[in-house]
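> no sequence for this one, just the structure:
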């Protein structure tokens, strides 16, 4: 941990942000990553803006001590609600999920009608609507709170063959297709695990993972700034605010492989 | 708030404990109640024992300042994991949900086979098994973690006509009926809202609400000690650790009537 400047700091309310870690590992296998998951206070998406901002500040204060070369807000809720607070409080290059996903959605839509599936807090913030309109002035954005998806995914329920999953997804997606959207943003880092189930319900719709979009944008930026790591495979380190063991056990679902780094519980 | 000795303090991880408040109001309409819901840290049932104990201590420290005549742990998770800690730390008459529900289950079962539906943390603690065996040495107890029920209820999904609710309930209940249980304890204060849906799936099984059982036991104890309030209708006051407004909005589902007291956000 001596050459700490060479780390990417990633945080999330809990375990969902690991889909961003997975996307980063896929594109940038040589990057070192320090992950923090606030598992003692998860979830954020059902809580108030004030509370989310306070939690997010605590998370970043923890990662800041490692002097990361980039900080990734791997949580749509925190990015949509706490971004300005974090930029004011910390002197770090901050990356997020909302802007890259919005940019991608704004460019792939053909009919300018874009649906957003997200947590209640992300929807309430209006962050996706504001951001997409910056990239595409003609876009109409339809944000929808999908509060049951995080609990389902956290309980390992995301298969397209699970009637509970498909029933709930159909209820949500119907509220978007009624607006004739041709593009849907998965505006929560838990949702990429539902990609197959969603595609099986609406194969004709563009479905955008905010986790993939975030990793791609981070790659572009690090490359442009000459900050990419070269060489021999990145190191990965995980910290959580609640029990490390249960995080380790569930992490493989989100990473799609076993956890390859140590997990430690810290008090923040 | 001058005659504060005359209050019952009730706490829960969030909003579920209001089913206990409802049961108390039904039996003891003249009691004054101060409720605290730790909505900033909800849920407890998916978190570690150490974390739950710390949260519960903070909750009771807040209520302790009102010098309640009785403290009700209106959360099965907190009661099963943090009870001993609270009894050590606070000089208060502490009441809970596990003992009354266990006593009731132990006495109504005919075949001595009892299922428990509860959170992961409550199941892990083994609290129900230990307690029921005290009251009925012949009982066999089958505890089952039902992690999707709290999110469903919190999202207003508990109708017996909701296919998502009945599908998930059937999956869980099948894992209990396979053991030939004749009695099921709803070992989480969110679950009484699912009573109708559960009874429609297994009408032949005794279903015990830990919220009702807790209120009945509290009534018996206060009566025996000559501590019941007489007279002119109780006052009710609510405190939460996150946004008061969203708590007020959702409370009516759990109370089965509009909230009749003030709600304030406090920092604990």
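Sure, I can see it. Values in this document were obtained by computation on a predicted structure and should not be read as measured data. Numbering: from 1, shown residues only, chains lettered A, B, ... in the order given.
> Model confidence score at residue A:261, please.
For residue A:261, the pLDDT comes out at 80.
> Quick check: nearest residue in space to the residue positioned nearest the centre of chain A, chain neighbours excluded?
What sits nearest the mean C-alpha location of chain A, by C-alpha atoms, centre = their mean, is residue A:189, with 3.4 Å. Excluding the flanking residues, the one nearest residue A:189 by C-beta to C-beta, 6 or more residues apart in numbering or on different chains is residue A:16, at 4.1 Å. Just so you know, the C-beta spots here come from the backbone N, C-alpha and C atoms, and that holds for glycine as well.
> burial count for that neighbour?
The tally of other residues near residue A:16 (other C-beta atoms under 10 Å in any protein chain shown) stands at 29.
> What's the per-residue pLDDT of it here?
Value for residue A:16, per-residue pLDDT: 96.
> quick one, phi/psi of the nearest residue to residue A:182 once chain neighbours are set aside?
Nearest residue to residue A:182 in three dimensions, chain neighbours excluded: residue A:111, at 4.9 Å (C-beta to C-beta, 6+ apart). When quoted as degrees, to the nearest 10, the phi and psi of residue A:111 stand at phi -100, psi 10.
> isn't residue A:111 right next to residue A:179, touching?
No. Applying C-beta atoms under 8 Å, one finds residue A:111 not in contact with residue A:179, separated by 10.3 Å.
> Contacts only, for residue A:9.
A:33, A:34, A:36, A:60, A:63, A:64, A:66, A:68, A:70, A:71, A:72, A:92 (C-beta atoms under 8 Å, 6 or more residues apart in numbering or on different chains).
> Tell me, how many residues neighbour residue A:167?
As a burial measure, residue A:167 scores 13 neighbours (other C-beta under 10 Å).
> what do you get for residue A:36?
Counted by other C-beta under 10 Å, the residues lying close to residue A:36 total 24.
> partners of it in the sheet?
Beta-bridge partners for residue A:36, by DSSP bridges, are residue A:11, residue A:239.
> so it makes contact with residue A:62?
Yes. Between residue A:36 and residue A:62 there is a contact under C-beta under 8 Å: 5.6 Å.
> got any residues that touch both of these two?
Residues touching both residue A:36 and residue A:62 (C-beta under 8 Å, 6+ apart): A:11, A:239, A:266, A:268.
> Most neighbours of all those, which one?
Of all the shared contacts of residue A:36 and residue A:62, residue A:11 has the most neighbours under the rule other C-beta under 10 Å, reaching 26 neighbours.
> what about that one, distance to residue A:241?
From residue A:11 across to residue A:241, the span is 11 Å (C-beta to C-beta, to the nearest Å).
> which residues are common contacts for these two?
Joint contacts of residue A:11 and residue A:241 (C-beta under 8 Å, 6+ apart) are A:36, A:37, A:38.
> Just name the closest of these to residue B:142, please.
residue A:37 (32.5 Å; C-beta to C-beta).
> residues touching the nearest residue to that closest one once chain neighbours are set aside, list them.
Spatial nearest neighbour of residue A:37, chain neighbours left out: residue A:240 (4.7 Å); criterion: C-beta to C-beta, 6+ apart. Taking C-beta under 8 Å, 6+ apart, we find residue A:240 in contact with A:36, A:37, A:38, A:39, A:40, A:247, A:263, A:264, A:265, A:266.
> Tell me the confidence at residue A:240?
Note for residue A:240: predicted pLDDT of 97.
> what do you get for residue A:96?
Per the predicted model, pLDDT is 98 at residue A:96.
> Residue in the stretch 1-150 of chain A with the shortest distance to chain B?
residue A:48 (3.7 Å; C-beta to the nearest C-beta).
> Contacts for stretch A:51-58 next, please.
Outside stretch A:51-58, the residues that reach it (C-beta under 8 Å, 6+ apart) are A:11, A:13, A:38, A:41, A:44, A:47, A:73, A:75, A:77-78, A:81-82, A:85-86, A:89, A:121, A:268, B:40, B:242-243.
> One more: stretch A:166-181?
With C-beta under 8 Å, 6+ apart as the test, stretch A:166-181 has contacts from A:111, A:113-115, A:117, A:140, A:142, A:144, A:146, A:148-149, A:152, A:160, A:184, A:194, A:197-198, A:200-202, A:205, B:163-164, B:167.
> thinking again about what came up before, which members of the shared contacts of residue A:36 and residue A:62 are the farthest-apart pair?
Every pair of those checked by C-beta to C-beta; the farthest is A:11 and A:266, at 12.0 Å.
> okay, and the common contacts of those two?
With C-beta under 8 Å, 6+ apart, residue A:11 and residue A:266 have common neighbours A:36, A:62.
> How about the backbone phi and psi for the closest residue to residue A:41 other than its chain neighbours?
Closest residue in space to residue A:41, ignoring its immediate chain neighbours: residue A:55 at 5.5 Å, by C-beta to C-beta, 6+ apart. In this entry, residue A:55 is assigned phi and psi values of phi -60, psi -50 (degrees, to the nearest 10).
> pLDDT score for residue A:130?
Residue-level pLDDT assigned to residue A:130 equals 98.
> Distance check, the residue nearest to residue A:254 when sequence neighbours are not counted against residue A:9.
Leaving aside its chain neighbours, residue A:254 sits nearest to residue A:18 (3.6 Å; criterion: C-beta to C-beta, 6+ apart). Relative to residue A:9, residue A:18 is positioned 14 Å away (C-beta to C-beta).
> cool, and residue A:156?
Residue A:156 sits 28 Å away from residue A:9, going by C-beta to C-beta.
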